[in-house]
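Participant: Prediction below, plus the sequence it came from.
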Amino acid sequence: MGWEGIFGICITLMILLPAQLLTCPFDDLQCVNGHIDDIFFASKQAWNSPIIILFCLCFLLASALFNGFAVNVTKHASATNRVVMDQTRVVLIWAFFLAYPGVGHETFAVGKLAGFLMIVLGVAMFNKIIKVDCCSKPVDELEASTTETASLESKPAKNLEKESTSGFSAQLASTSAAAAADQEYL
């Protein structure tokens, strides 16, 4: 989590600082004082509006709680459960703004749903929740890489049972067992 924050700050500074200096190529409605962004003007607006300060504090609190809970989910369950939790959050926020009438209301689009489902499918395949034969390594290669990692860390490798049952629940159970074994090595 610490590296995520450090990279976030670095990338933000790399984008924010040039935006202060570059002149805006768009019309005046999209520019702030003739620049792409003006952090000083934004800070002045925030300090003059208590509701914006309240929203900023609520955002900071929500982010801190979300990340704290996410670390605990990863610690006590698995990284796979955390990924599922992240995707559920996106679905809930999207559903809220689909149902919410007023400013910020989303309109349903099949393209957005298809894109979201493609992202969820990719995340599920990456975390081995859904296994596709053409996109995954054979079990022997996975066990060999697990054994190599364990020998490098000088910890005994645990033998994972090979399950011959098929179906989504068996794949999910074996994925959870593998994630738990990986968690012990960390």
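Facilitator: All right, it came through fine.
Participant: how about V90, what does it touch?
Facilitator: F116 (C-beta atoms under 8 Å, 6 or more residues apart in numbering). For the C-beta atoms, the positions are set from N, CA and C on the backbone; glycine is no exception.
Participant: helix, strand or coil for it?
Facilitator: With DSSP: H, G, I helix; E, B strand; the rest coil as the basis, V90 sits in helix.
Participant: By residue count, tell me the biggest helix in this protein.
Facilitator: helix 50-76 (DSSP state H).
Participant: Show me what that helix is packed up against.
Facilitator: helix 39-47, helix 79-99 (3 or more C-beta pairs under 8 Å, 6 or more residues apart in numbering; DSSP states H and E).
Participant: Switch those helices over to a markdown table, and while doing so, append distance to V132 to every line.
Facilitator: Shown next, in a markdown table, are the helices and strands packed on helix 50-76 (distance: least, C-beta to C-beta, whole Å):
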| stretch | distance to V132 |
| --- | --- |
| helix 39-47 | 46 |
| helix 79-99 | 16 |
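Participant: For the protein, which residues score under the pLDDT cut-off?
Facilitator: By pLDDT under 70, the weakly predicted segments of the chain are 1, 135-186.
Participant: what about 50?
Facilitator: For the chain, the stretches flagged by pLDDT under 50 are 154-174, 181-186.
Participant: How about the residue nearest the centre of it: what's its closest non-neighbour residue?
Facilitator: The residue lying closest to the centre of the chain (C-alpha atoms, centre = their mean) is D86, at 5.8 Å. With C-beta to C-beta, 6 or more residues apart in numbering as the criterion, D86 has its nearest non-adjacent residue at 7.6 Å, and that residue is A70.
Participant: Near that neighbour, how many other residues are there?
Facilitator: Counted by other C-beta atoms under 10 Å, the residues lying close to A70 total 18.
Participant: what sits against it?
Facilitator: R82, M85, D86.
Participant: how far away is the residue nearest to the centre of the chain from T23?
Facilitator: 38 Å (C-beta to C-beta, to the nearest Å).
Participant: buried set for the longest helix of the chain?
Facilitator: Residues A70, V73, T74 are the ones in helix 50-76 that count as buried (16 or more other C-beta atoms under 10 Å).
Participant: hang on, isn't the last one packed against R82?
Facilitator: In other words, T74. Yes: applying C-beta atoms under 8 Å, one finds T74 in contact with R82, separated by 4.8 Å.
Participant: Which residue is the nearest non-sequential neighbour of T107?
Facilitator: L98 (7.9 Å).
Participant: my guess is the one you found meets K112, correct?
Facilitator: No: at 10.0 Å, L98 does not count as touching K112 under the criterion of C-beta under 8 Å.
Participant: Okay, and the closest residue to V132 other than its chain neighbours sits in which element?
Facilitator: The spatially closest residue to V132, leaving aside those adjacent along the chain, is M125, at 6.1 Å (C-beta to C-beta, 6+ apart). In this structure, M125 is located in helix 110-126 according to DSSP states H and E.
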